[in-house]
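Chemist: Got a predicted structure plus its sequence, pasted below:
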Amino acid sequence: MSLLKTIASLIYLLSAVCYVMGVHMMRSPKTARNGNLLSGLGMAMAVVMILIEIIAKGQITLIGWTVLFAGLLIGILYGVIKARKVPMTDVPQLVSLFNAVGGGAAATIGIFDYTHEALGTSLSLAFSIPVLLDIIIGGITFSGSLIATGKLSGHVPGKPISFPGDKLINGLAVLAIIVAGVWMIGFPSAYWPMVLALCASLIFGLLMTLPIGGADMPVVVSLLNAFTGLAVAFAGFVIDNQVLIIAGALVGAAGTILTLQMAEAMNRSVANIIAGGFGSGDSDSSTGAGAEVPTNIKKTTPDDVGMQLAYAHNVMIVPGYGLAAAQAQHEVAELAKLLTDAGINVNYAIHPVAGRMPGHMNVLLADVNVPYDQMKQLDEANSMFENTDVSLVIGANDVTNPLAREKGNAISGMPILDVDKSKSVVVIKRSMSTGYAGVQNPLFSEDQTSMMFSDAKKGLQEIIAATKGYLD
Amino acid sequence: MSQELYTNLAIFVLSLLVGFEVMSKIPSTLQTPMMSGANAIHGVVVVGAFVIAAEASNWYFYLLAFLAAFFAAVNVAGGYTVTDRMLGMFNRPKKQPNDSDKGGDK
């Protein structure tokens, strides 16, 4: 090993240590930001080191430098501008977009190395297998993540898309991937099997994601995130660079854990989500328990809600996806501040899957300066509902549904917020339609519950105005 | 199996195990930033873009090198920026004086 190679290896090792430590520090809110910075520092070290290695090797052409820096510069500008400008509600689709390009980069490296090395030579299995996996997984993540981005941002319809024969085409794509794979390993100098493998992977990614409903997209994004990690690790095998292998495997494992945790919080199995077709019905679902629309619903007015809040001691706000969709987080924070300034105890009960992704609601609330200690996680919140005077449920449905405690319906066993234990419940919702699970919510017809049918933002503004009147 | 492949395979498997171990207990609050942070880490693929740019020698390869550099740069630069933005919101200094004494905290 030459001196430079030795130094480079040690720097890559150090950079890998930074990723592991960084991820470790990101488990606690106090150290999370520094953890990310540490991981970024590791990244910077790896980039500087590879730059030095390339300069020392002296093989790169002037055009090589030009395309490299042109690509980097445009990419950095685009990525940073996107990341700085994105509203916090749109973070999931941005992560998915970054994931797509990561997979695309890994696949591109695989394509490059396969066509670069394979010209008229026979390849070892140690090279051809990783390069094949790199191209296939990278291709699947690239197209799959782009569709996920589209579904989350509304450019692609969120409802499951299927057409006659889609399963057949999907099966053919898998078959094509296998055939192309065997062909690539057996006759590595041929160009077309690689193109076939790439195209089949892109089609597979597309057809895998299209039939999955918008509500399940976060789990899919997380799964594809893990896939990209693996693609990057295989790219590391291909170019024989250990930092790619370590970082890729780390993300592959981390992404898998996150995927399982998300699926668990939604009470779904990953296999069930990937099978697709869930979450199609907005309101016309007639299956499962409690499908009949309850008739004994109490409607309430902003004025009444304002009075209830103004005379309460303990208020629990239960935010759901409807709040994020209506961009009403500012109004919620304003109402909470109004109440806290009047000496009323205000907390937020945050279900793990409130919002678009686990923890997404926390980010949205942190964005509008809600103090971290007011955000209560599931268990802590559930211990507080008994002493809660008013629970204000905003745009949340399935996560408050008491049917989850019973057997035999779509949400059985899902951990829920025990909103029904509080003395009074006010639900702000646009209509009586069911949530993504397509199950009616008996909470809405319970004695202590009153419904306020309104858009979250508009409704909250009216409640704020009413509450001010009672507090003055 | 060559020594080199064995080393890489061992690194791969052990890193997977480290990943499972490091990730196991994440509070759900931090899962979105964590996913974004992990997403940024696989931006390390940018190193691969450097490697192939150094080997490129005709327009087909230059095009691939450009694509890889562009994709990887978006991933790594955007990933770290948006993760930092999210995490910055969690420990924002509480400056406002009227926020300092919230009544009724346990």
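Modeler: Perfect, thanks for sending it. Note that the structure is a prediction, hence the values are computed from the model and not measured.
Chemist: Can you tell me how far the closest residue to residue A:248 other than its chain neighbours is from residue A:169?
Modeler: Spatially, and ignoring its direct neighbours in sequence, residue A:248 is nearest to residue A:233 (2.9 Å; Cβ to Cβ, 6 or more residues apart in numbering or on different chains). C-betas here are computed from N, CA, C, even on glycine. Distance, residue A:233 to residue A:169, using Cβ to Cβ, to the nearest Å: 29 Å.
Chemist: between those two, who's got more neighbours?
Modeler: Shown here are residue A:233 and residue A:169; by other Cβ atoms under 10 Å in any protein chain shown, residue A:233 has more neighbours (31 against 14).
Chemist: does chain B sit close to the helix or strand encompassing residue A:467?
Modeler: For residue A:467, the host element (DSSP states H and E) is helix A:456-471. No - judged by Cβ under 8 Å from any Cβ of the partner chain, helix A:456-471 and chain B are separated, with a smallest distance of 13.7 Å.
Chemist: Quick one: residues contacting the closest residue in space to residue A:86 that isn't next to it in sequence.
Modeler: Spatial nearest neighbour of residue A:86, chain neighbours left out: residue A:94 (5.0 Å); criterion: Cβ to Cβ, 6+ apart. Neighbour list for residue A:94: A:82-83, A:86, A:149, B:78, B:82 [criterion: Cβ atoms under 8 Å, 6 or more residues apart in numbering or on different chains].
Chemist: with the residues you listed in mind, which one is nearest to residue A:174?
Modeler: residue A:149 (23.6 Å; Cβ to Cβ).
Chemist: is it fair to say that closest one lies in a strand?
Modeler: No - read with DSSP: H, G, I helix; E, B strand; the rest coil, residue A:149 is helix and lies in no strand.
Chemist: which stretches of chain B have low pLDDT?
Modeler: B:25, B:91-106 (pLDDT under 70).
Chemist: the helices in it, which residues?
Modeler: B:3-23, B:31-41, B:46-55, B:59-73, B:79-90 (DSSP state H).
Chemist: Was I right to think residue A:114 contacts residue A:131?
Modeler: Yes - the criterion here is Cβ atoms under 8 Å, and residue A:114 meets it with residue A:131 at 5.0 Å.
Chemist: quick one, which of those two is more surrounded?
Modeler: The residue with more neighbours, out of residue A:114 and residue A:131, is residue A:131; 30 against 25, by other Cβ under 10 Å.
Chemist: contacting residues around that one?
Modeler: A:110, A:113-114, A:184, A:234, A:238 are the contacts of residue A:131 under Cβ under 8 Å, 6+ apart.
Chemist: One more pass at 10 Å, please.
Modeler: A:109-115, A:117-118, A:123, A:184-185, A:188, A:194, A:197, A:234-235, A:237-239 (Cβ atoms under 10 Å, 6 or more residues apart in numbering or on different chains).
Chemist: Could you tell me the angle between the helix or strand where it lies and helix B:46-55?
Modeler: In this assignment (DSSP H and E), residue A:131 forms part of helix A:125-153. Relative orientation of helix A:125-153 and helix B:46-55, computed by axes from the mean of the first three to the mean of the last three Cα atoms, to 10 degrees: 120 degrees.
Chemist: Name the SS class of the closest residue to residue A:191 other than its chain neighbours, please.
Modeler: Spatially, and ignoring its direct neighbours in sequence, residue A:191 is nearest to residue A:115 (6.8 Å; Cβ to Cβ, 6+ apart). What three-state DSSP gives for residue A:115 is helix.
Chemist: and the gap between residue A:115 and residue A:195?
Modeler: On the measure of Cβ to Cβ, residue A:115 and residue A:195 end up 10 Å apart.
Chemist: Residue A:358 looks like it's in a strand, true?
Modeler: No - in this structure, residue A:358 is coil, not part of a strand, as judged by three-state DSSP.
Chemist: Please name the nearest non-neighbouring residue to it.
Modeler: That would be residue B:31: by Cβ to Cβ, 6+ apart, it lies 3.7 Å from residue A:358.
Chemist: Report how many residues lie close to that neighbour.
Modeler: For residue B:31, using other Cβ under 10 Å, the count is 26.
Chemist: And for residue A:132?
Modeler: 26.
Chemist: just to revisit the earlier point, deepest-packed of the helices of chain B, please.
Modeler: helix B:31-41 (a mean of 31; mean count of other Cβ atoms under 10 Å in any protein chain shown).
Chemist: All set, thanks.
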